[in-house]
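Participant: give me a 3D structure for the following:
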Amino acid sequence: MIKTQLSDIWKKALAEIEGEISRPSFETWFKATELVAYYEDYLIIRVPNEYAKDWLEKSYIGLIKNNLEKILEHPVKINFVTFSNKENEIDIISENLSNTPDPNLNDLDQLEETQRLQQMREEQEMDKISEYENKFEPNKKHQNNYQHNYQTDYSDSDTLLEKHLNPKYTFDTFVVGNSNKFAHAASLAVAESVAKAYNPLFIYGGVGLGKTHLMHAIGHYVIKNNKNAKVVYVTSEKFTNELIDGIKDDKTANFRNKYRNIDVLLIDDIQFLAKKERTQEEFFHTFNALHEANRQIIISSDRPPKEIPTLEERLRTRFEWGLITDIQAPDLETRIAILRKKAQIEKMDVPDDVTLYMADKIKSNIRELEGALVRIMAYASLNNRKVDLDLAIEALKNIIPEDKPRPITGELIQEVVASTFAIRVEDLKAKKRTKNVVFPRQIAMYLCRELTDLSLPKIGEIFGGRDHTTVIHSYDKINSEIKTEHGLKETIKKIKDNLQGK
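Facilitator: Residues are numbered from 1 along each chain as shown. Alright, predicted model coming up:
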């Protein structure tokens, strides 16, 4: 079959596949693929690297097969080859074409296919010659080839410094995935309609997942569209320290004037106000002054308002006036997209297999992910070496643990479930009956019964001394719902993957 026909078939298949999976998944696994051969019921799809080959075979073979069979109207067999394995690919195609001519080809098409294979062989030989000629030349492309290129659409750097906004944290540099799309949409809505969409906006999630990035992005967007807007970003620690200095120097009036006469207040890590009674008192009045004046307030925390200990109830209720949204740990496709975006911004040349390796091994948070990328580039530059998978493994050997399966215990399950739902392990053991705790607790009990040898009474014991009948009820409930609720099934799969270190 000639190349244009192959391309048309694959375009139709990709159009169907794109509608059935998330955009990050499609961009990651299908964007660089190509249908390179089709004869009888046998198809060969070329993919970028071995990692992509393994992932497609494991996760998407059924989806690909179903769509191709729908288009071709007969059963098919699929084989994947990598870009780096073109010689093997040509041999496979040649052998099958010679032994089983494609009934869809006339003699002219068959001749064209044979000529195309011959051209591929010739190109391959030229590649070998070029590779030999360049073997001992220093690799210039990867040397010192990355630098900061953060830009905003406005140039008043003094304005940014005054407002403490980081120029690299904009909506353009924020990678949207399933784990953060709601928080991103809410942040953009607030930036576009200050004090009209959600006020306050409360964003919570674990360390290094993008809360601060979204807050700065809101600030940048507001200033870009209104250069006269008074925007202030501050951490709760800095807010506290400024208040202390104001009290000490008898300048509390100046402090209040600074924070109560602005258009947008972005306050980060609000959980650190807990136990600081005087600071909470001051922030309460600041919040009221801004809200009554129809000014926008954006707050971030590592947990929802109800879970912040010793936070005054009057503050807690005010935080719940607007919208509360969370950010979860990014999934594999989002982690890959984050690394690619970082590499693009920093002008780094990073092979796909290196990106996939990092995304697969580093799952905790975005800061660690980006830090690993910078470490690899620095390691390559200092050692005058090209960035490849071997170098990445070497550079990250002290960061990425060896692939040893960790024992799955009840305590580990509690930790992973608590992290997934942004609650504390203590909450799973406590007597709380709020929905945001009961559901994760039931999932944790279900997983304890599924993945450990713990008895029902022992499972109940590690969850605060609950009765074994509670464990049975939790297991039966989740076991029933997982059969009909796709979202729950996906959540439990992700938790299991985290437990098993995948």
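Participant: is residue 81 in a helix, a strand, or coil?
Facilitator: Recorded secondary structure, residue 81: strand (DSSP: H, G, I helix; E, B strand; the rest coil).
Participant: near it, how many other residues are there?
Facilitator: Neighbour count for residue 81, taken as other Cβ atoms under 10 Å: 21. No exception for glycine: its C-beta is placed from N, CA and C like everyone else's.
Participant: quick check: it vs residue 233, distance?
Facilitator: 50 Å (Cβ to Cβ, to the nearest Å).
Participant: low-confidence ranges, the protein, go.
Facilitator: 1-3, 39-40, 83-163, 401-406, 501-502 (pLDDT under 70).
Participant: now with 50?
Facilitator: Residue ranges of the chain with pLDDT under 50: 86-87, 89-90, 92-162.
Participant: hey, where'd the strands end up in it?
Facilitator: 34-39, 42-47, 77-82, 201-205, 231-235, 264-268, 296-301, 323-327 (DSSP state E).
Participant: so which of the ones you listed comes closest to residue 25?
Facilitator: For residue 25, the closest of the strands of the chain is strand 42-47, at 14.4 Å, according to Cβ to Cβ.
Participant: tilt between the closest one and strand 77-82?
Facilitator: If you take axes from the mean of the first three to the mean of the last three Cα atoms, to 10 degrees, strand 42-47 sits at 30 degrees to strand 77-82.
Participant: same for strand 42-47, what does it pack against?
Facilitator: strand 34-39, helix 50-59, strand 77-82, helix 86-99 (3 or more Cβ pairs under 8 Å, 6 or more residues apart in numbering; DSSP states H and E).
Participant: would you list the phi and psi of residue 303?
Facilitator: Residue 303 adopts backbone torsions of phi -160, psi 160, taken as degrees, to the nearest 10.
Participant: just the buried residues of stretch 181-201, please?
Facilitator: 183-184, 186-188, 190-191, 194-195, 197-201 (16 or more other Cβ atoms under 10 Å).
Participant: same question, stretch 26-38
Facilitator: Those would be 26, 28, 29, 30, 33, 35, 36, 37, 38, for stretch 26-38 by 16+ other Cβ under 10 Å.
Participant: want to throw these into JSON lines with distance to residue 324?
Facilitator: Shown next, in JSON lines, are the buried residues of stretch 26-38 (distance: Cβ to Cβ, whole Å):
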{"residue": "26", "distance to residue 324": "30"}
{"residue": "28", "distance to residue 324": "30"}
{"residue": "29", "distance to residue 324": "33"}
{"residue": "30", "distance to residue 324": "35"}
{"residue": "33", "distance to residue 324": "40"}
{"residue": "35", "distance to residue 324": "46"}
{"residue": "36", "distance to residue 324": "50"}
{"residue": "37", "distance to residue 324": "53"}
{"residue": "38", "distance to residue 324": "52"}
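Participant: for residue 473, see how far away residue 445 is.
Facilitator: 9 Å.
Participant: neighbour-wise, which of the two wins?
Facilitator: Taking other Cβ under 10 Å, residue 445 and residue 473 do not tie; residue 445 has more neighbours (30 against 14).
Participant: the more buried one is in contact with residue 463, isn't it?
Facilitator: Yes. Judged on Cβ atoms under 8 Å, residue 445 makes contact with residue 463 at a distance of 6.4 Å.
Participant: what sits in contact with each of those two?
Facilitator: Any residue near both residue 445 and residue 463 by Cβ atoms under 8 Å, 6 or more residues apart in numbering counts here, and that gives 470, 471.
Participant: save the strands of the chain as TSV, and put in distance to residue 66 too.
Facilitator: As requested, these are exported to TSV (distance: least, Cβ to Cβ, whole Å):
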stretch	distance to residue 66
strand 34-39	15
strand 42-47	13
strand 77-82	11
strand 201-205	36
strand 231-235	49
strand 264-268	47
strand 296-301	43
strand 323-327	34
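Participant: which one, of these, ends up nearest to residue 178?
Facilitator: Taking those one by one with Cβ to Cβ, strand 323-327 is closest: 11.0 Å.
Participant: buried stuff in that closest one?
Facilitator: In strand 323-327, counting by 16+ other Cβ under 10 Å, buried: 323, 324, 325, 326, 327.
Participant: does residue 391 really touch residue 379, like I thought?
Facilitator: Yes. Counting by Cβ under 8 Å, residue 391 touches residue 379, with 6.7 Å between them.
Participant: shared neighbours of those two, which are they?
Facilitator: With Cβ under 8 Å, 6+ apart, residue 391 and residue 379 have common neighbours residue 385.
Participant: helices along the stretch 151-300 of the chain, start to end?
Facilitator: Listed in chain order, the helices found in the stretch 151-300 of the chain under DSSP state H, counting those that start in this stretch are 157-163, 181-192, 211-225, 236-248, 252-260, 277-292.
Participant: ok and the last one relative to strand 264-268, angle-wise?
Facilitator: Angle of helix 277-292 versus strand 264-268, following the same axes, to 10 degrees, is 150 degrees.
Participant: next: the fourth one.
Facilitator: For helix 236-248 against strand 264-268, the angle by the same axes, to 10 degrees is 110 degrees.
Participant: got the domain boundaries for the protein?
Facilitator: Following automatic domain parsing, one finds the domains of the chain at 3-133, 157-327, 332-395, 410-499.
Participant: among the helices of the stretch 151-300 of the chain, which is nearest residue 479?
Facilitator: That would be, of those and by Cβ to Cβ, helix 181-192, which comes in at 27.9 Å.
Participant: and the contacts of the closest one?
Facilitator: 171, 174, 176, 197-199, 201, 203, 205, 210-211, 214-215, 217-218, 221-222, 296, 298, 323, 325-327.
Participant: for stretch 238-245, buried residues please.
Facilitator: 239, 240, 242, 243.
Participant: those residues: which two are farthest apart?
Facilitator: 240 and 242 (7.4 Å).
Participant: so what does the residue lying closest to residue 14 once chain neighbours are set aside look like in phi/psi?
Facilitator: The shortest distance from residue 14 to any non-neighbouring residue, by Cβ to Cβ, 6 or more residues apart in numbering, is to residue 30 (6.0 Å). The phi and psi torsions at residue 30 (degrees, to the nearest 10) take the values phi -120, psi -20.
Participant: quick one: residue 30 and residue 10, what's the gap?
Facilitator: 10 Å.
Participant: next one: residue 200
Facilitator: 49 Å.
Participant: repeat that for residue 451.
Facilitator: Where residue 10 is concerned, residue 451 sits at a distance of 40 Å (Cβ to Cβ).
Participant: quick one: which of those two has more around it?
Facilitator: More crowded of residue 451 and residue 10, by other Cβ under 10 Å: residue 10, with 21 against 17.
Participant: beta partners of the closest residue in space to that one that isn't next to it in sequence?
Facilitator: Excluding the flanking residues, the one nearest residue 10 by Cβ to Cβ, 6+ apart is residue 35, at 3.7 Å. Counting by DSSP bridges, residue 35 is bridged to residue 45.
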